[in-house]
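Asks: give me the fold of what follows.
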Amino acid sequence: MSRSVRLVPAMAAAALVLALTACDDEGAPDTSGAQARDASGAPGVGDPYFPKAGNGGYDVSHYGLTLAYTPDGNRLTGTAVVTGRATEDLAAFDLDLAGMKVEEVTVGGDTAEFRRDGQELIVRPPGALSDGETFEVRVRYSGSPRTITDPDGSKEGWLRTADGALALGEPTGSMAWFPGNHHPSDKASYDIAVTVPKGLTAVSNGELRSARTADDGRTTFTWHTAEPMASYVATLAIGRYTVTRSATQGGLPVYVAVDPSQVTASRKVLARLPEVMEWAEYNFGPYPFSSTGAIVDRPEDVEYALETQNRPVYPGAPDTATLVHETAHQWFGDSVTPKSWQDMWLNESLATYAEWLWTEDEGGATAEETFTELYDHGEDEYEDLWAFPPAKPTSAAHVSDTPVYQRGAMVIHRIRQAVGDDTFYDIVQGWAAAHRHGSADTDDFTAFVEKQAPDEDFDEIWADWLYGEGKPARP
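Replies: Take a look at the predicted model:
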């Protein structure tokens, strides 16, 4: 991301079943009676910064979304088919969904009871699910999707644009447009079919499987993402776009969608995408996905770039540094995804350090020079550079602040200083390979680094640079 521009056993279930009713799209609390929570998977995974994000008791393997959107009136109708596997006995489970009106829920094809409690859609299947059981829940819903204001004041969720909408999900915005297990620790494959009015295009992640236009002029765009994807990097862009399709020298499909007002300004930098991809593969290892590209919207439609999987979103024409940053995120953040939002520095430090490496390789300042300049004069540009350690943001409002990016990149450079270039690149490429399409946390990273360089002592780097308060002593 770039914030620039800125259940219990079945025998007990029967005794706990109470009448559950759907509520309006504002998520009004159920009035039919109290529901015993100890029969359910947890209504959150206990993330230290977003405790209600995600849900306990199951893992999702696939999302099938069938959507239709009309910009006039901001009307979205959808059916979400969520395939999951219970990780404990479940008499009930939660899905995250902010707003929207839920009209029907089925589990395994049978009608299920449900109720709303804030962002929680609480589902009680007609029969309890057993630990290890695979299940399919289908949710039919409609309404006007919400724009969500993050703790840091930025906007995500469903963003209305001049000619359509843009869906962005970091950290929790995807719950504004489809129900799911919205935490980065649970990744899944996706099929997204979106029907839009005549003249509009719907762009999402993965590969475009088909675009079929009906007699009334409405077109259904069907997108498939085979590789596991965290919901926060799922996207949907609806509007009038100039679309170009090409391929890298290695044959990787490239799909780029640009708002017509940004085509001229974007042309030069987007032409460097194949070059940036080749550079990133050389430095970070094989590209982890089956296509690449970009979505460029108007600056007034979104205030920040985001590493949406396969196809990052940019607020107007990006500069080369931002293109490099969001491309690097495909390895660090999208493929290797944080287990919790406390681990976000793993994404942003490596993507920021990629900018340093690119500048170095382009004949600009070396990474060592960038590090030294930041250490000596960083406070002049970033007042909060030493406000907190990268791995310990002070609150949810600060998980995207400077220490996570710039001081985090300084941690990466301290590792490079300690081990030398050969081992450093072995670490970076090995990390991307070892956790490809998975989730990892800070402890996983520090243990991996120590294993790759067993003769080095990293205690000072971890204690002072990664977790320490204030400005560390000069290395």
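Asks: just checking, A328 touches W279?
Replies: No - under the criterion of Cβ atoms under 8 Å, A328 makes no contact with W279, lying 9.8 Å away. No exception for glycine: its C-beta is placed from N, CA and C like everyone else's.
Asks: neighbour-wise, which of those two wins?
Replies: A328 (26 against 19; other Cβ atoms under 10 Å).
Asks: show me what contacts the more buried one?
Replies: Neighbouring residues of A328 by Cβ atoms under 8 Å, 6 or more residues apart in numbering: 280, 284, 350-351, 354-355.
Asks: and if we set it to 6 Å?
Replies: 280, 351, 354 (Cβ atoms under 6 Å, 6 or more residues apart in numbering).
Asks: report the buried members of those residues.
Replies: 280, 351, 354 (16 or more other Cβ atoms under 10 Å).
Asks: quick revisit: and the contacts of A328 as JSON lines, adding distance to A167, pLDDT and secondary structure?
Replies: Rendered in JSON lines, the data for these read as follows (distance: Cβ to Cβ, whole Å; pLDDT from 0 to 100; DSSP: H, G, I helix; E, B strand; the rest coil):
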{"residue": "A280", "distance to A167": "26", "pLDDT": "98", "secondary structure": "helix"}
{"residue": "A351", "distance to A167": "22", "pLDDT": "98", "secondary structure": "helix"}
{"residue": "A354", "distance to A167": "26", "pLDDT": "98", "secondary structure": "helix"}
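Asks: is it possible to export the buried ones among the contacts of A328 to TSV including distance to V45?
Replies: Converted to TSV, the buried ones among the contacts of A328 look like this (distance: Cβ to Cβ, whole Å):
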residue	distance to V45
A280	31
A351	24
A354	29
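Asks: for the chain, what spans make up the helices?
Replies: Using DSSP state H, the helices of the chain run over 10-16, 263-270, 273-284, 320-328, 344-361, 367-381, 402, 408-419, 421-434, 442-452, 459-460.
Asks: same list (those) but as TSV, adding distance to Y58.
Replies: Compiled in TSV, those are given as follows (distance: least, Cβ to Cβ, whole Å):
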stretch	distance to Y58
helix 10-16	16
helix 263-270	40
helix 273-284	32
helix 320-328	31
helix 344-361	24
helix 367-381	43
helix 402	37
helix 408-419	32
helix 421-434	26
helix 442-452	23
helix 459-460	39
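Asks: tell me what the nearest residue to G206 once chain neighbours are set aside is bridged to.
Replies: Once flanking residues are discounted, G206 sits nearest to T225: 3.3 Å by Cβ to Cβ, 6 or more residues apart in numbering. For T225, the beta-bridge assignment (DSSP bridges) gives partners Y190.
Asks: T225 and S204 touch, don't they?
Replies: No - with contact defined as Cβ atoms under 6 Å, T225 does not reach S204; the gap is 7.8 Å.
Asks: who has more neighbours, those two?
Replies: A direct count of neighbours by other Cβ under 10 Å for T225 and S204 places S204 higher, at 29 against 24.
Asks: list the contacts for that one?
Replies: By Cβ under 6 Å, 6+ apart, the residues touching S204 are 192, 223, 236.
Asks: try 10 Å
Replies: Under the criterion of Cβ atoms under 10 Å, 6 or more residues apart in numbering, the neighbours of S204 are 65, 67, 167, 190-194, 221-225, 234-238, 295, 308-311.
Asks: swap in Y425?
Replies: Applying Cβ under 10 Å, 6+ apart, we find Y425 in contact with 282-285, 357, 416, 419.
Asks: give me the common contacts of T225 and S204.
Replies: The contact lists of T225 and S204 share 190-192, 234, 309-310, where a contact means Cβ under 10 Å, 6+ apart.
Asks: can I get the CA coordinates of stretch 272-286 in PDB?
Replies: The C-alpha trace of stretch 272-286 is given here as PDB (Å, rounded to 0.1, in the frame of the first residue of the first chain):
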ATOM      1  CA  ARG A 272       7.800   0.400 -17.900                       C
ATOM      2  CA  LEU A 273       5.800  -2.300 -16.100                       C
ATOM      3  CA  PRO A 274       7.300  -5.200 -18.000                       C
ATOM      4  CA  GLU A 275      10.800  -3.800 -17.200                       C
ATOM      5  CA  VAL A 276       9.800  -3.500 -13.500                       C
ATOM      6  CA  MET A 277       8.500  -7.000 -13.500                       C
ATOM      7  CA  GLU A 278      11.700  -8.400 -14.900                       C
ATOM      8  CA  TRP A 279      13.700  -6.500 -12.400                       C
ATOM      9  CA  ALA A 280      11.500  -7.700  -9.500                       C
ATOM     10  CA  GLU A 281      11.800 -11.300 -10.600                       C
ATOM     11  CA  TYR A 282      15.600 -11.000 -10.700                       C
ATOM     12  CA  ASN A 283      15.700  -9.600  -7.200                       C
ATOM     13  CA  PHE A 284      12.800 -11.400  -5.500                       C
ATOM     14  CA  GLY A 285      12.400 -14.600  -7.400                       C
ATOM     15  CA  PRO A 286       9.700 -16.000  -9.700                       C
END
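Asks: which one of the contacts of A328 is nearest P43?
Replies: Of all those, P43 sits closest to A351, with 31.6 Å by Cβ to Cβ.
Asks: can you tell me how far that closest one sits from F332?
Replies: 6 Å (Cβ to Cβ, to the nearest Å).
Asks: list residues touching both of these two?
Replies: In contact with both A351 and F332: E307, using Cβ under 10 Å, 6+ apart.
Asks: hmm, back to that, nearest to G153, of the buried ones among the contacts of A328?
Replies: So of the buried ones among the contacts of A328, ranked by how close each gets to G153 (Cβ to Cβ), first place is A351, at 21.9 Å.
Asks: so who does that closest one touch?
Replies: So A351 contacts 1-2, 307, 324-333, 405, 408-409 (Cβ under 10 Å, 6+ apart).
Asks: equivalent analysis for R267, please.
Replies: 244, 258, 317.
Asks: so which of the residues you listed are in strands?
Replies: When these are checked against strands (DSSP state E), the matches are 244, 258.
Asks: could you dump the contacts of R267 into JSON lines with distance to V81 and pLDDT added?
Replies: Formatted as JSON lines, the contacts of R267 follow (distance: Cβ to Cβ, whole Å; pLDDT from 0 to 100):
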{"residue": "T244", "distance to V81": "32", "pLDDT": "98"}
{"residue": "V258", "distance to V81": "32", "pLDDT": "98"}
{"residue": "A317", "distance to V81": "37", "pLDDT": "98"}
